[in-house]
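Engineer: This is a predicted model, with the sequence first.
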Amino acid sequence: MYALATLTLPFATSTAALAETSTIGRTWPIAEPDALREIEGQAARVPEMTRAFGPRERWSAMKAASLGIAHADRTRTVVPFYTLDQDIRLPEGKLLYAKGYSFNPLAYVSLPQRLIVVHPRELDWALRTARPADFILLAAGGPGDADVITLGERHGRALFLLEERVKARLGLTVAPVIVAQDGQKLVLTEVDRRKTDRSAVR
């Protein structure tokens, strides 16, 4: 048995080496361009956004909703009911939900992440407070505040603008505020930063 294994081993090795270097059938050179070079070439032809649309601070899409400043620690709850503005029908035309029907989306979905809503000047606090999965939303800041894109690049984290519809939907009035789901309601925890700043100094 040992002798047979010794005789067949060189043959098996040479066959494997031959298979790695052999060409079976016809071959053609690759005609498709490199995908990365294609992307880089397309990106190079896109005009610079600031040249095409002016400074970012003037873009309407970069306008965040404004909020007041939280002057007290306060916790309140909101049930984000949604009311249909049109009938919802099945493909065959049968009415499923009529216009005006109200429901609570939190009865059907869960939000694993929190929303941390702050003014730009409170971003450092938000970054310290936020968990990795949390969303940080920026309310409107002052004239000297950097825009959300610049701040996101600076801190290496995705940041989002607070939209007017989100502000209205969540019943937000001041910032900073932490929004978290608790069952079928949202808990809004408004934070008086003056207290947190004083405790950090001690």
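Structural biologist: Structure received.

Engineer: isn't Pro80 right next to Ala107, touching?
Structural biologist: No - at 10.5 Å, Pro80 does not count as touching Ala107 under the criterion of C-beta atoms under 8 Å. (Each C-beta comes from the backbone N, C-alpha and C, glycine too.)

Engineer: Those two: which has the busier surroundings?
Structural biologist: Comparing Pro80 with Ala107 by other C-beta atoms under 10 Å, the one with more neighbours is Pro80, at 15 against 9.

Engineer: ok, the more buried one - contacts?
Structural biologist: Taking C-beta atoms under 8 Å, 6 or more residues apart in numbering, we find Pro80 in contact with 104-106, 169-170, 186.

Engineer: just the helices in this structure please.
Structural biologist: All helices of the chain, identified by DSSP state H, fall at 2-21, 35-45, 49-53, 123-129, 148-155, 164-170, 193-201.

Engineer: Report the mean per-residue pLDDT for the shortest one.
Structural biologist: Model confidence over helix 49-53 averages 54 on the pLDDT scale.

Engineer: cool, and the first one?
Structural biologist: Averaging pLDDT along helix 2-21 gives 47.

Engineer: show me what contacts Ile116?
Structural biologist: Contact analysis of Ile116 by C-beta under 8 Å, 6+ apart lists 126, 129-130, 134-137, 176, 178-179.

Engineer: Chain neighbours aside, what residue packs nearest to the spatially most central residue of the chain?
Structural biologist: Most central in the chain under C-alpha atoms, centre = their mean is Ala158, positioned 6.3 Å from the mean C-alpha point. Ranked by C-beta to C-beta, 6 or more residues apart in numbering and with sequence neighbours excluded, the top spatial neighbour of Ala158 is Gly152, at 6.0 Å.

Engineer: low-scoring stretches of this structure, by residue?
Structural biologist: Scanning the chain for pLDDT under 70 picks out the ranges 1-23, 31, 42-62, 195-202.
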